[in-house]
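**Student:** Dropping a prediction and its sequence here:
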Amino acid sequence: MLAAQTTAPSNLLVTNGRVCTFGETPRLIENGAVLITGDAIAAVGDSQALAAEYPQADKLDAQGMLVMPGMVCAHTHFYSAFARGMYIPGPPMADFREILERLWWPLDRALDAEGVRYSALTPLIDAIRYGTTTLIDHHASNRFVDGSLDVIAEAVTETGLRACLCYEVTDRDGPEVAAAGIRENARFIRKARAAGSPYLAATFGLHAALTLGDDTLDRCVAEAESLGHNGFHIHAAEGPADREHSLAAYNLRTIDRLAQRRILGPSTIVAHAIDIDAWEMGLLRETGVWVSHQPRSNMNNAVGVADLPALLRGGVKAVLGNDGFSNDMFEEMKAAYVLHKSARSDPRVLPAGQLLHMATAHNAALAASFFPRPLGRLEPGAFADLILVDYDPPTPLTIDNLAWHLIFGFDGRRVDTTIAGGRVLMRHRLIPHLDVERIYARSREVAQATWERFWASS
Ligand SMILES: [Zn+2]
């Protein structure tokens, strides 16, 4: 079911907060309040004034905590949750191709319906805990394709978060699996559109340039066109393997090929875009794609460093994802902050303000393109997706130095309260609507069974 969550109180006033609005003109309102009506923000302002104006509203006392929009993750893989702690037989994986062939592809093939369910639920619980309220997922479970996105949608609905889902079409497991992937995207795009839920959206997923032949890409474009759907979500240029494959098989660099096959456009998300040349970067800008950056994953896979400063300088719509690493977007920001300085041996590269703008304004604009209201800003009319952060800084905090506080002082564990669509999902770090202990216990059993299938296939 894609039913909307409608258990939000009609009026909820979050009082006594240090309200950071983000949005076009970011403000820090000391002793501020946010009035929530239904699933949207109705007013933002002075705490006493709003309390006097709306005496009937239910109150949620922020106790001086920082009140800010929930974070958005531009690219993740819920299914990667089961990789945590998994033994991978054989010598250490030597390059990205081996990481794909020996870890990710056999893992996704080992997932059944229950594996998909629990490997979605547990990172979604992490997202609530770490204050990430909207996630753009990229899913693969090549032995359980049809209906897999419904299983994830149910998990999203259960947790109360907001997500945009898709299935990673690939040729790596043969034509049947590729056809099933196309079918699953098309089915779920139609279903999400018909349901019109403000919590669930769909796009068309493609695994990666290096596992998709031209025929399949053309079929995906034709299918998307027949649905009237714009935009894809694909991995591209995630290291030299993609370029080498593209040049050997098609005599084209990766981004050139995707442009030629009409995959790029203003609604497409290209994850990584690391191994690209100046002309490919120009194409990313001209076609208006979203380029998602995942620094922790890139460092872990040793695939190189995206030229994020140049992408941003050129006006490319760069966004921040986590690639399934963890749903603590504050940690991802920290990684981005230090990675580019280190890679360039220049501490001036990627200033905190620029990074914060990318991770909040850009990510929010991408998320809002999938949903019917603005996101990632505390202002009337936006979705009431907000977090309370227990942060008592030892140095002055202003709207102008907020970015440095976020990078040097924050982490997801400071998030005390998470609200999505006006519904309180976590309060004082407790998640009352989910039996987290039971979900984790079952998740461990399902992960063990998944690992055994993985080992049996290795
Ligand atoms: Zn990814």
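**Tutor:** Yep, it's here.

**Student:** Next one: the nearest residue to Ile399 once chain neighbours are set aside from Leu12, what distance?
**Tutor:** Setting aside the residues directly before and after it, Ile399 is nearest to Leu28 in space (C-beta to C-beta, 6 or more residues apart in numbering), at 4.1 Å. Yep, even glycine has a C-beta here, placed from its N, CA and C like the rest. As for Leu28, its distance to Leu12 is 21 Å (criterion: C-beta to C-beta, to the nearest Å).

**Student:** If you count surrounding residues, which of these two has more?
**Tutor:** Leu12 (22 against 17; other C-beta atoms under 10 Å).

**Student:** what residues are up against that one?
**Tutor:** Leu35, Ile36, Ala57, Asp58, Lys59, Leu60, Ala384, Gly422, Val424 (C-beta atoms under 8 Å, 6 or more residues apart in numbering).

**Student:** Let's see that with 6 Å instead.
**Tutor:** Residues counted as contacts of Leu12 (C-beta atoms under 6 Å, 6 or more residues apart in numbering) are Ile36, Asp58.

**Student:** does Leu388 sit in a helix, a strand or a coil?
**Tutor:** Here Leu388 is strand, with the state taken from DSSP: H, G, I helix; E, B strand; the rest coil.

**Student:** What residues are bridge-paired with it?
**Tutor:** Val67, Thr417 (DSSP bridges).

**Student:** Leaving out chain neighbours, which residue sits closest to Ala62?
**Tutor:** Of all residues beyond its chain neighbours, the one nearest Ala62 is Gly17 (3.4 Å), with distances taken as C-beta to C-beta, 6+ apart.

**Student:** where does this structure dip in pLDDT?
**Tutor:** 1-9 (pLDDT under 70).

**Student:** Give the residue farthest from the middle of it.
**Tutor:** Ala52 (38.0 Å; C-alpha atoms, centre = their mean).

**Student:** residues touching Leu13, list them.
**Tutor:** Counting by C-beta under 6 Å, 6+ apart, the residues that Leu13 touches are Ala33, Leu35, Tyr54, Ala57, Lys59.

**Student:** Three-state assignment for Ala81, please.
**Tutor:** Ala81 ends up helix, using three-state DSSP.

**Student:** Secondary structure element holding Thr133?
**Tutor:** With elements taken from DSSP states H and E, the one containing Thr133 is strand 132-137.

**Student:** close to the ion, is that strand?
**Tutor:** No: contact of strand 132-137 with the ion is not found when judged by C-beta under 5 Å from the ion; the minimum separation is 9.8 Å.

**Student:** ok, so of the contacts of Leu13, who is nearest Val169?
**Tutor:** Nearest to Val169, judged by C-beta to C-beta, of those is Leu35 at 43.5 Å.

**Student:** Tell me what that closest one is bridged to.
**Tutor:** Beta-bridge partners for Leu35, by DSSP bridges, are Leu13, Ala43.

**Student:** So which residues of the stretch 101-250 of the chain form helices?
**Tutor:** Secondary structure of the stretch 101-250 of the chain, counting by DSSP state H, counting those that start in this stretch: helices at 105-109, 113-130, 148-159, 175-195, 214-227, 240-250.

**Student:** which one of those helices is the most hemmed in?
**Tutor:** Using mean count of other C-beta atoms under 10 Å, the stretch among the helices of the stretch 101-250 of the chain with the greatest mean number of neighbours is helix 113-130 (a mean of 24).
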